[in-house]
Each structure stands twice: as C-alpha cells, then as structure tokens.
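Chemist: only geometry, no sequence info:
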C-alpha cells in the first residue's frame, strides 16, 4: 500500500515542476555593452539609479548579428542575463527582426544564481 502512495507523491511532484517557470518581458540588449554603460559614470554623476537614461542605454546597446551574450532589461531598468542556451536562442531571433533599435521580447524560464535559464524566448508584438 505504501509503494503506490510513494509513486503517486512522486508523480505529483513532477507534475508541479513546470509551475516554477517564470516569465520576464523587456528589451533584449547586448550584455557587454549594457554592463559597460551601467559602469560608465562621469565625475559629476550623482550615482543615483533614477538619474540614468535607461531608454538611451537600451537603444544604444540593441543587439546585432554579431552579439553573443544577451541581457533582458525590464521596464523598470533591471537587467537579467541569459544562460548560454538562452543566448543561442536569442542569437537566432535577432537576424529575423531586421534593424530595430529596441527589440522587446518575452522570456520564459527559471532564475538560476546569476542568469535566466531560458525555456523559450519570443518577440513581443
């Protein structure tokens, strides 16, 4: 009697696994460029997060066909790096979009220590 109950409990745990997937939406940018822009502060900068022009940074760091490392910048200006598989998926969609200055996407996956483990990435309409 215990064996079927254990099997049922294990099946319930496995069925709940996809529930941990989360969705992020924002702008796809070149990670190296965006991180450089975030570190780039002049001597007169107040170092206040509110004073940063995130729209300019997103447009300046829009990805191109040579981009290999990507970040998603949400609408609050917070950046989330993609894992290597996510970078490969993002690199596949960038050439299909033509020359856009701001490429808005939706990413589904799980957050690991320092990057999103991407399950899917789609262009927002």
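Modeler: Looks like it arrived, so ask away. Just so we're clear, the structure is a prediction, and the values are computed from it rather than from any experiment. Numbers count the residues shown, from 1 in each chain.
Chemist: tell me which stretches of the protein form strands.
Modeler: Applying DSSP state E to the chain gives strands spanning 22-30, 70-73, 79-81, 103-111, 116-123.
Chemist: helices and strands around the first one, which ones?
Modeler: Which is strand 22-30. Packing partners of strand 22-30 (3 or more CB pairs under 8 Å, 6 or more residues apart in numbering; DSSP states H and E): helix 54-60, strand 70-73, strand 79-81, strand 103-111. Just so you know, the C-beta spots here come from the backbone N, C-alpha and C atoms, and that holds for glycine as well.
Chemist: deepest of the ones you listed, which one?
Modeler: Counting by mean count of other CB atoms under 10 Å, strand 70-73 has the highest mean neighbour count of the helices and strands packed on strand 22-30, with a mean of 26.
Chemist: name every strand pairing with that one and say which way it goes.
Modeler: Under the criterion DSSP bridges, strand 70-73 sits next to strand 22-30 (antiparallel), strand 79-81 (antiparallel) in its sheet.
Chemist: what is the neighbour count of residue 39?
Modeler: 7 (other CB atoms under 10 Å).
Chemist: is it possible to get a markdown table of the helices and strands packed on strand 22-30 that adds mean pLDDT?
Modeler: Formatted as a markdown table, the helices and strands packed on strand 22-30 follow (pLDDT from 0 to 100):
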| stretch | mean pLDDT |
| --- | --- |
| helix 54-60 | 86 |
| strand 70-73 | 95 |
| strand 79-81 | 93 |
| strand 103-111 | 94 |
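Chemist: what is the least confident helix or strand in the chain?
Modeler: For the chain, counting by mean pLDDT, DSSP states H and E, helix 2-16 ranks last in confidence among helices and strands (a mean of 53).
Chemist: ok, for residue 21, nearest residue in space, not its chain neighbours?
Modeler: Spatially, and ignoring its direct neighbours in sequence, residue 21 is nearest to residue 108 (5.6 Å; CB to CB, 6 or more residues apart in numbering).
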